[in-house]
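Enquirer: Any chance you could fold what I've pasted below:
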Amino acid sequence: MSAEGRAANRCAFVGGAWVSTLKSKADEGPETIHLAAELASLAVDLDDVQRQTLTLLGAATLIALRSGDTRVALTSDGEASVASYLAPLFVGRESELAMHMRAVGEFIEAKRGAPIVGYGRVSDAALIVENGAVSIERAQRCELRLADAFRTRVARGEIREVAAVERALGDIVARPTVAPWGPVTLSLEQQHAVRSAALSRLCVISGGPGTGKTSIIIAILRTFARLGISPSEIAIAAPTGKAANRIERSVAAALNAIVAPTDADRSLRDAAPTAQTVHRLLGYSPARERYRYTADNRLPARVVIIDEASMVDTFMIDRVVQALPEDAALVLLGDADQLPSVDPGAVLSDLVAWGDAKRPGSVQVVRLTESYRMRAEEIGGGGILKAAYAVANGRALFEEGGALVSERVSVQELRFEGVELIENINDRAVEFVARWFAEKVRPDDVASLYEHTYRRNGAQFDEESERLLKHFFRKGMSARLLCPTWGGRTGAAAFNDRLHRLSSARAPRVWQSGGGTLCPGDPIVVVRNDYERGLFNGDQGVVAIVDAGDSAELECIFEVGEGKFVSFSIRGLASHIELAYATTIHKAQGSEFDCVAIVLPSGTSASREAVYTAMTRSRNSAVFLASRTSLELAVRQRSGRSTSLRDLLLE
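Expert: This is a model prediction of the structure:
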């Protein structure tokens, strides 16, 4: 067929009624189906039916990648399959879907689809079929490269002398940092984590909330300082600016509170590594859409520490590993039981599974089990801790005689202590929101701070304003509603709207634009990085009345250090923020609150990891707005990211 003929055939195929029908039913957006059809039109020697089959195969793989899976099983065998990803396109037409799945089987068996489809480990096709699954070639290549790099790092053995590491660690244990509640001593499992980080080219540390991962990062820094590694040769990164800022503040506070610091401690304190986002670590340029540090231009670091690693996707971890010098150490810390990254992959949990297999050549994984934030004997935090461990292990929460969740019949029975559940939230939403607003969003001891006028001279707030803002941020922003989704009747946006309306009804003034309104006391969250103002995705603040000398205006206030605050005009920030009375569970990762309410509507697709992540955001109280059935179903349902990396590591 001539080039003109192929082009005509391609246009007719893409614009056909069949493709248009698929596009109209695609929840992921019609562009996914359009791209799959474009790919299919480039394959050779296919008739129209086979081209439809290839379109469906490509669509399922693209939808899966957007959902976090780096591969899709060709048949239903416990993993997300091609059929499961295509099912929403064929609601009410299941027999037609079954027919298409038979066609997919025949298509694969005949090894059709060249040059778009490749079979085995090849690099010149868009879709790769191997081991009963199909994946995007870029994802397969990335996971192959990562698996090889991880195995190579582990195989090269210990990077330093054990005796030197033991001497350094012993000196750190003898010179603890001092927190307001007393000396911060390292437990044996925390010491094991520090030791592993100092000895290994690849160290994986996984622990739940409050298990001391930040204390471990500080001890790792102090250990490397004693081993002769300059602070300038150590990089600390996190997936979000908020997480990076938290680490940086914690490190600075700890280094200033060391009992009998050594010269190494003082040098580290005076030139501590700056925590940054992973993108900034790699020198990402938004304008050029390129990274400065790559396999051809390695990072100037001997140690790279990444916190909240469960939130970092496969492609980004691959970029870090490629840019890492061969003899540098990579330390990954996070919670493998939490939700995986928003983007594709589940690298931390794949590495933990590799380590748990304890096969020759596996990575050593350090698991942290003791929580210092919530004690088992405490009524509130202890109840959350016990329930969280049960959820992480898939155990029942409502066992006879030993239920880990207290069921409440009415909204008024809620005690906001430990783990509670109230059913029929659709019928009780108005009543619950009213009580939540009165007791958690705007309690009596912070109500006056909503209308208070805070005074600043230039960038600095006066002493009284700082004192009041500190109280406001600690008490008025200590509760959060968490939802699996943003949209819909029971999504975060709907609860934000309800709570904002309650707040604005009492507000002395309201800021209004075409995008909506804001009023004093509204909690807000930054949704995109603003390097000019030093604000990052995930940073939380509050709208308040600020008098800067000329007049009192509504501004957005953020905490930038212990008891230190900055404020900015709403007008300049409006496109960078959204209301934060409620947020999605994914966005809440890395945050801590005194109390959370977790919405799990009937028919929810929430997973065990989502329930665990939501519960462990709270120190004292987790209230489920859900039926017992919905909660039990979510605990049984793992997010089950389907990746090739885990299998490659376990080969």
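
Enquirer: Look up phi and psi at Gly315.
Expert: Wrong residue type there; residue 315 is Phe, not Gly. Main-chain torsions, Phe315, degrees, to the nearest 10: phi -60, psi -40.

Enquirer: Which parts of the stretch 251-400 of the chain are strands?
Expert: Taking DSSP state E, counting those that start in this stretch as the criterion, the stretch 251-400 of the chain contains strands spanning 275-277, 284-285, 290-291, 303-306, 329-334, 365-368.

Enquirer: if you compare the ones you listed, which one is most tucked away?
Expert: strand 329-334 (a mean of 26; mean count of other Cβ atoms under 10 Å). Quick note: C-beta positions are derived from backbone N, CA and C, even for glycine.

Enquirer: Dump the C-alpha coordinates for it into CSV.
Expert: What follows is the C-alpha trace of strand 329-334 in CSV, where atoms were taken according to Å, rounded to 0.1, in the frame of the first residue of the first chain:
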residue,chain,number,x,y,z
ALA,A,329,25.2,5.2,48.8
LEU,A,330,21.5,5.3,48.2
VAL,A,331,19.3,5.3,51.3
LEU,A,332,15.5,4.9,50.8
LEU,A,333,13.2,5.5,53.7
GLY,A,334,9.4,5.2,53.8
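
Enquirer: tell me what that strand is packed against?
Expert: Packing partners of strand 329-334 (3 or more Cβ pairs under 8 Å, 6 or more residues apart in numbering; DSSP states H and E): helix 188-199, strand 202-207, helix 213-226, strand 303-306, helix 347-357.

Enquirer: elements contacting the third one?
Expert: This means helix 213-226. For helix 213-226, the contact count by 3+ Cβ pairs under 8 Å, 6+ apart identifies helix 162-174, helix 188-199, strand 202-207, strand 234-238, helix 241-255, helix 263-270, strand 303-306, strand 329-334 as packing neighbours.

Enquirer: count of neighbours near Ile217?
Expert: With neighbours defined by other Cβ atoms under 10 Å, the count for Ile217 comes to 24.

Enquirer: Revised request: answer the last question for Pro508.
Expert: By other Cβ under 10 Å, the burial measure for Pro508, its neighbour count, is 10.

Enquirer: Now it: closest residue in space, sequence neighbours ignored.
Expert: Distances taken as Cβ to Cβ, 6 or more residues apart in numbering put Glu451 closest to Pro508, at 5.4 Å, once the chain neighbours are dropped.

Enquirer: do Pro520 as well
Expert: In space, and not counting its chain neighbours, Pro520 is closest to Tyr450: 5.1 Å by Cβ to Cβ, 6+ apart.

Enquirer: Same question for Ala271.
Expert: Excluding its sequence neighbours, the residue lying closest to Ala271 (Cβ to Cβ, 6+ apart) is Pro231, at 4.5 Å.

Enquirer: from memory the one you found sits against Arg269, does it?
Expert: No - the pair Pro231 and Arg269 does not pass the contact test of Cβ atoms under 8 Å, sitting 9.2 Å apart.

Enquirer: So which of these two has more stuff around it?
Expert: Relative neighbour count places Arg269 above the other of Pro231 and Arg269, with 20 against 17, counting by other Cβ under 10 Å.

Enquirer: Spatially nearest residue to that one, not counting backbone neighbours?
Expert: Setting aside the residues directly before and after it, Arg269 is nearest to Leu255 in space (Cβ to Cβ, 6+ apart), at 4.0 Å.

Enquirer: returning to that earlier point: give me the phi and psi for the residue nearest to Pro520.
Expert: The main-chain torsion angles of Tyr450 are listed as degrees, to the nearest 10 and equal phi -60, psi -40.

Enquirer: and the helix or strand harbouring Leu468, what other elements does it pack with?
Expert: In this structure, Leu468 sits in helix 463-471 according to DSSP states H and E. Packing partners of helix 463-471 (3+ Cβ pairs under 8 Å, 6+ apart): helix 444-451, strand 453-457, strand 564-569.

Enquirer: Show me what the second one is packed against.
Expert: Counting by 3+ Cβ pairs under 8 Å, 6+ apart, the packing neighbours recorded for strand 453-457 are helix 463-471, strand 540-547.

Enquirer: Out of the ones you listed, which one sits most buried?
Expert: For those, average neighbour numbers computed from mean count of other Cβ under 10 Å are highest in strand 540-547, which has a mean of 22.

Enquirer: count of neighbours near Ser206?
Expert: 26.

Enquirer: Same question for Ser448.
Expert: As a burial measure, the neighbour count of Ser448 was computed by other Cβ under 10 Å and equals 10.

Enquirer: Tell me how far it lies from Arg442.
Expert: 10 Å (Cβ to Cβ, to the nearest Å).

Enquirer: repeat for Ile220
Expert: Counting by Cβ to Cβ, the gap from Ile220 to Arg442 is 41 Å.
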